[in-house]
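Student: next comes the sequence, and after it the predicted model I'd like to discuss.
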Amino acid sequence: MASVKKFFVIIFVAMLSLPATGWITGTLQSNSDNTVNPGFPRPEPGLWFDRDYYRAIEGWFRETLPMAETLKVANHWLDYHIFSASSIKAVHVGRRGWLFWETKQAEPENTEAVRQAGHRLCLALHATESIVNATESRFLVALIPGKAAIYPEYTGVSARADRTSLYGSLMEANRRFPINGLVKLEPVLKKAKLSGQAVYGKRSRLWCRPAAAAAAGQILTAARLAGHRSNIATNDACPPGDDDLYRLLLGRKKHAGMAHTGYRAGPFAVDGPVATIYGDDYLIGLLPSLTRAFSAATIIDATQVSTLGQDLLAHQSEMILLECGQETLGRLHLELEAFYTAAQDRLQGVVTRPIALQAADPVGLCALDITDNGLKIRASGDAAAFSLPAITGSTSRIFRMAKLTFAAGHHGPVSVKTLPDRSGPIQKQFGQGTGFMLVPLPFDESVDLIITPSQKPGVFTLQKAELISFYGDQPIPLPPLPEPAKTIGDIYSGLPIADLEPPPVLPVVKPAPAPPVAHPTQTMPELALTDIEEGCIFQRKHNAASIVVSGSYTGIKGPVEARVLAADDESVRVPWTVVDDAPQNGVFTGILAHVPQGGWYRLEVRSALTPWVVKKGRHRWGVGMLVACIGQSNMHEWFATGTDHQPSPRLMIHRDGHWHRPTSTGNGALALGNRLAERLKIPIGLLNYSVNGTGLTARADWGTGFWLDTATDGIYRRFVNGVNRAGGSVEAVVWMQGEADAARGTISREAYRKALERLVGDHIRIDIRNGSSRPQLPFLMIPLVRRPTGKDRSCQWIRQAQMDALSIIDECHLAALSMDLENRGRQHLQPEAYTTLGLRTAQTVLYLLGKTEYHRGPIITSVAQVSNHAIDVTIRHRGGTDVTPAEGITGFEVLSGETHLPITAITRRDATTIRIEVASGLPADFRVRYLYGAHPNTTGAVRDNTALALPLEPYSDQ
């Protein structure tokens with residue numbers, strides 16, 4: 001076996017050496033711009049350690065060698081069939097060639113975190129079940145055990161009960177506190193296996209037809225619809241077996257996923273209930289059997305909608321089924337607040353009682369005050385915490401939740417820990433128009449709530465706390481009656497009574513001597529300032545911001561004052577102002593309002609009792625503009641590629657939850673930040689939370705995450721947490737993404753646009769405060785770049801969907817076009833191209849601020865045939881007055897049907913007209929398109945004559 005492996009290694013090394021040898025000897029034509037077409041990427045000293053250069057070589061192999069893709073598949077085939085190995089990380093090769101979806105096992109130090117996550121999910125499912133059942137609907141949960149759980153003997157690892165997985169932790173929690181609507185499928189599938197039925201295929205991830213039919217029967221039995229089991233579809237009606245893991249192992253594209261999303265009327269069971277079914281790819285096998293039991297069903301695709309909220313209850317179905325596979329369980333996110341809001345007008349058997357805020361007690365660095373609006377909390381940051389009085393926990397018959405309502409505008413995630421603690425802290429980020437969170441209570445006789453109002457210092461208000469009890473069919477106890485009033489007082493009241501003797505003479509009481517006065521220095525106030533982070537930039541609102549001032553306090557209590565000085569000359573920008581008039585619990589916290597935009601600043605505090613003692617902050621900070629930058633690798637390269645610029649002194653970068661002073665690396669970020677700082681004369685903060693290789697939807701998850709995943713450890717939540725660490729508010733979000741979805745080729749133009757609408761409308765604009773002066777938080781988009789090895793149809797779908805979003809999503813703007821810029825490697829741009837993108841995006845931001853009159857290039861308004869061999873393309877300018885080049889224009893195509901018509905010349909006819917000449921006569925059905933597909937020719941791209949040389953936008957009259 002070793003000799004065979006060496007033989008194939010020698011062959012592949014020789015094949016890899018041929019292109020380099022050919023280039024050195026001059027046999028192969030080099031490619032000076034290092035794009036994939038037309039030649040072999042030319043090696044340069046600066047590219048030896050650039051991964052994109054080697055990706056370009058890989059792309060050259062695939063595009064140039066006639067059998068490159070076949071050889072790649074052959075390599076994977078040999079790995080599997082001869083060496084029982086896989087070079088694809090997502091696929092694990094077990095015993096006897098069995099393939100399994102690779103799942104990460106929890107490290108020993110993370111086992112407790114996984115156990116807590118399973119317990120949290122169990123409580124969330126209990127809460128969802130209680131809310132749904134209180135609307136007089138039925139709720140069922142079908143968790144599909146993974147392949148390894150049914151066939152552990154083929155995994156090649158120890159066959160132990162996997163309690164370190166989320167699935168194992170959830171099932172363990174359910175054994176202790178059973179969910180009534182949980183359909184137990186693992187015993188059913190194991191029984192089917194023992195009876196000789198195939199549950200999972202040897203090389204598939206999804207289950208086989210007999211397993212899906214058996215699971216469907218169990219679900220219908222649990223739904224009390226067993227009478228419809230005779231109508232279960234035969235095996236022929238079920239989808240065929242799928243070797244998806246084998247195709248993935250070979251590097252081939254997987255088949256299209258579930259296409260059942262939407263409303264379906266079931267003609268099979270006229271008397272059956274109306275159902276809402278939420279699930280993933282396992283539904284492909286379930287639906288042919290399940291839908292026969294319902295009169296109608298609405299299907300929600302979990303791969304498109306990972307956050308389950310009000311959609312689940314929007315259809316007022318009689319039954320709700322939640323299906324989830326073991327390997328996708330970590331993506332399931334239940335938005336309890338959305339469930340409760342959608343159902344609150346229909347809830348039956350639910351009692352809400354107040355929790356006394358007067359009994360709240362500080363357990364961390366915070367001060368509490370009862371006001372007319374509720375409990376005022378002056379918190380020093382993530383170390384601040386307070387407790388509410390003990391409340392009754394859930395029981396097997398009555399599930400309970402705590403509802404905490406905070407004042408509007410609360411920023412930063414609220415963290416709540418329940419004691420006894422089995423599930424760890426629960427965090428909630430409040431969005432626009434929402435201000436309450438639901439905390440499912442564990443199954444304990446008495447539960448304490450420990451609340452941290454925010455990660456950052458601030459003054460917050462908990463308006464009310466309530467205990468919600470779901471009694472279901474149980475009788476609701478009446479509140480206790482008040483005790484009868486007792487007669488108190490003198491029974492002879494009102495009767496005249498004469499004095500029998502004169503009153504005694506009262507003794508003269510002399511006042512006690514006053515205690516000695518302590519020396520003033522023994523009780524002098526002592527303050528310690530919690531300094532603002534170095535380089536921190538507060539997002540302005542109009543032209544100023546409010547900042548939180550906090551620290552510790554000892555000695556005589558008195559008002560605390562703060563002021564703001566310029567860091568360079570110590571001139572006063574905000575005079576002494578009282579921020580906390582009554583410090584408590586050893587801390588002071590207050591708001592210093594109307595700090596003008598600008599920087600850099602420093603902060604000072606003092607006690608009003610000792611104004612001569614001033615505590616000075618050492619860190620520099622400012623008030624300015626924050627711009628969040630998200631997407632995948634091309635956005636990441638804004639901060640990592642090119643060293644052509646020096647950062648402005650007013651520019652800062654925020655990543656990983658902290659502020660960093662930029663270096664000279666990152667052409668795109670520096671070009672954007674420097675231009676804004678130069679024009680606006682204020683500090684500029686760029687929030688870098690892009691992640692390489694990330695898709696928009698679950699179907700484009702390459703292992704690094706996807707942006708619609710709202711799980712606590714997902715990339716979207718890390719982005720929101722980063723924004724919260726920076727203050728919770730930004731002035732704009734820049735989005736540069738699409739490569740991952742285009743590479744998968746599994747999402748249509750409409751589906752990508754709808755997913756983008758959900759990301760912006762249902763998540764970003766809910767979770768992040770609008771720091772701009774525009775009606776909604778601006779979402780600035782850079783459409784998909786050229787992809788030398790991409791496919792025309794999938795790339796065009798993504799790009800057109802992004803352009804569609806500009807006119808459909810309010811305050812969605814084109815940040816910049818990249819189609820005319822040069823690639824480096826497979827999909828990333830040249831360093832100077834990122835500079836161009838940064839400047840173009842800065843122009844868009846300035847346009848939205850009213851600082852410039854244009855930000856987009858010319859567009860095509862009409863196409864007209866002027867002769868049998870000529871077409872005139874009319875354009876409209878936005879900022880320029882003319883176009884370049886005059887001749888040698890590229891990027892246009894003329895088609896008849898799907899046939900390309902040969903073009904002889906494309907020239908500038910005048911400032912608003914481009915002439916296209918074709919070799920043969922024009923047919924009646926000709927059509928024109930510009931910059932179409934994955935990698936159009938842009939060597940002669942049309943640009944206007946503005947200083948930014950903005951490109952002519954893509955066009956298709958199809």
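Tutor: Arrived safely, thanks for sending. Numbering: from 1, shown residues only.
Student: so Gln796 sits against Leu931, correct?
Tutor: No: using Cβ atoms under 8 Å, Gln796 makes no contact with Leu931, being 10.0 Å away. Heads up, the C-betas are built off the backbone N, CA and C, glycines and all.
Student: which one's more surrounded, the two?
Tutor: Leu931 (25 against 22; other Cβ atoms under 10 Å).
Student: surely that one and Glu893 touch.
Tutor: No: at 9.4 Å, Leu931 does not count as touching Glu893 under the criterion of Cβ under 8 Å.
Student: could you pick out the longest strand of the chain?
Tutor: strand 458-470 (DSSP state E).
Student: in it, what counts as buried?
Tutor: 458-463, 465-470 (16 or more other Cβ atoms under 10 Å).
Student: quick check: neighbours of that strand in the sheet, parallel or antiparallel?
Tutor: strand 350-354 (antiparallel), strand 374-379 (antiparallel), strand 399-406 (antiparallel) (DSSP bridges).
Student: contacts for the next helix or strand after the shortest one?
Tutor: When you say that, I think you mean strand 350-354. As assigned by DSSP states H and E, the chain's next helix or strand after strand 350-354 is strand 361-362. For strand 361-362, the external contacting residues (Cβ atoms under 8 Å, 6 or more residues apart in numbering) are 368, 385-387, 585.
Student: out of these, which is most surrounded?
Tutor: Going by other Cβ under 10 Å, Phe386 tops the contacts of strand 361-362 with 22 neighbours.
Student: give the contact list for that residue.
Tutor: Contacts of Phe386 by Cβ under 8 Å, 6+ apart are 360-364, 366, 368, 377, 450-451.
Student: now it: phi and psi?
Tutor: phi -140, psi 160 (degrees, to the nearest 10).
Student: name the SS class of the closest residue to Ser295 other than its chain neighbours, please.
Tutor: In space, and not counting its chain neighbours, Ser295 is closest to Gly272: 4.7 Å by Cβ to Cβ, 6 or more residues apart in numbering. Under the three-state scheme (DSSP: H, G, I helix; E, B strand; the rest coil), Gly272 adopts coil.
Student: Gly272 reaches Leu225, doesn't it?
Tutor: Yes: at 6.8 Å, Gly272 counts as touching Leu225 under the criterion of Cβ under 8 Å.
Student: which residues do the two both contact?
Tutor: In contact with both Gly272 and Leu225: Ala293, using Cβ under 8 Å, 6+ apart.
Student: and the residue nearest the centre of this protein?
Tutor: Tyr716 (2.0 Å; Cα atoms, centre = their mean).
Student: please, which helix or strand holds that residue?
Tutor: Here Tyr716 is assigned to helix 715-725, by DSSP H and E.
Student: now that helix - C-alpha only, PDB.
Tutor: Output in PDB follows, covering the C-alpha atoms of helix 715-725 (Å, rounded to 0.1, in the frame of the first residue of the first chain):
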ATOM      1  CA  ILE A 715     -20.400  35.400  12.800                       C
ATOM      2  CA  TYR A 716     -23.400  37.700  12.800                       C
ATOM      3  CA  ARG A 717     -23.700  37.700  16.600                       C
ATOM      4  CA  ARG A 718     -19.900  38.300  16.900                       C
ATOM      5  CA  PHE A 719     -20.400  41.300  14.600                       C
ATOM      6  CA  VAL A 720     -23.300  42.700  16.700                       C
ATOM      7  CA  ASN A 721     -21.400  42.100  19.900                       C
ATOM      8  CA  GLY A 722     -18.500  44.000  18.400                       C
ATOM      9  CA  VAL A 723     -20.800  46.900  17.500                       C
ATOM     10  CA  ASN A 724     -22.100  46.900  21.100                       C
ATOM     11  CA  ARG A 725     -18.600  47.000  22.500                       C
END
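Student: elements contacting it?
Tutor: With contacts taken as 3 or more Cβ pairs under 8 Å, 6 or more residues apart in numbering; DSSP states H and E, helix 715-725 sits against strand 621-631, strand 651-655.
Student: got a list of contacts for it?
Tutor: Against helix 715-725 from outside (Cβ under 8 Å, 6+ apart): 411-413, 429, 455-456, 628, 630, 654-658, 687, 689, 691, 694, 704-711, 729-730, 763, 767-768.
Student: what's the ChimeraX syntax to select whichever of these are buried?
Tutor: This is the ChimeraX syntax for the buried subset of the contacts of helix 715-725, where burial follows 16+ other Cβ under 10 Å:
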select :411,412,413,429,455,456,628,630,654,655,687,689,691,694,705,706,707,708,709,710,711,729,730,763,767,768
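Student: so which of the contacts of helix 715-725 sit within helices?
Tutor: Counted as lying in helices by DSSP state H, out of the contacts of helix 715-725, are Asp767.
Student: tell me which of the contacts of helix 715-725 fall in strands.
Tutor: Those of those lying in strands (DSSP E): 628, 630, 654-655, 658, 687, 729-730.
Student: JSON lines for these, including distance to Leu99 and pLDDT?
Tutor: Below are those laid out as JSON lines (distance: Cβ to Cβ, whole Å; pLDDT from 0 to 100):
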{"residue": "Ala628", "distance to Leu99": "40", "pLDDT": "98"}
{"residue": "Ile630", "distance to Leu99": "34", "pLDDT": "97"}
{"residue": "His654", "distance to Leu99": "42", "pLDDT": "98"}
{"residue": "Arg655", "distance to Leu99": "38", "pLDDT": "95"}
{"residue": "His658", "distance to Leu99": "42", "pLDDT": "95"}
{"residue": "Leu687", "distance to Leu99": "40", "pLDDT": "98"}
{"residue": "Ser729", "distance to Leu99": "47", "pLDDT": "93"}
{"residue": "Val730", "distance to Leu99": "44", "pLDDT": "97"}
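Student: quick one: mean pLDDT over stretch 704-711.
Tutor: Looking at stretch 704-711 alone, the average pLDDT works out to 85.
Student: need the helix or strand of this protein with the lowest average pLDDT.
Tutor: Within the chain, no helix or strand scores below strand 30-31, which has a mean of 40 by mean pLDDT, DSSP states H and E.
Student: returning to that earlier point: quick one, which of the helices and strands packed on helix 715-725 gets closest to Ala870.
Tutor: Each of the helices and strands packed on helix 715-725 was scored for nearness to Ala870 using Cβ to Cβ, and the closest is strand 621-631 (41.2 Å).
Student: packing partners for the next helix or strand after the closest one?
Tutor: Going down the chain from strand 621-631, the next helix or strand is helix 633-636, by DSSP H and E. The contact analysis (3+ Cβ pairs under 8 Å, 6+ apart) places helix 633-636 against strand 732-736, strand 828-829.
Student: which other residues reach the last one?
Tutor: Right, strand 828-829. Counting by Cβ under 8 Å, 6+ apart, 52, 633-634, 637, 641, 785, 818, 821-823, 837 sit against strand 828-829.
Student: of these, just say which sits nearest to Ser546.
Tutor: Using Cβ to Cβ, the contacts of strand 828-829 come closest to Ser546 at Leu837, 33.7 Å.
Student: list the residues that contact the closest one.
Tutor: 638, 668, 671, 782, 816, 818, 821, 829.
Student: how about these in a markdown table, adding secondary structure, pLDDT and distance to Val863?
Tutor: As requested, these are exported to a markdown table (DSSP: H, G, I helix; E, B strand; the rest coil; pLDDT from 0 to 100; distance: Cβ to Cβ, whole Å):
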| residue | secondary structure | pLDDT | distance to Val863 |
| --- | --- | --- | --- |
| Trp638 | helix | 95 | 35 |
| Gly668 | helix | 96 | 34 |
| Ala671 | helix | 98 | 35 |
| Ile782 | strand | 96 | 26 |
| Ala816 | coil | 97 | 25 |
| Ser818 | coil | 93 | 24 |
| Leu821 | coil | 91 | 25 |
| Leu829 | strand | 88 | 30 |
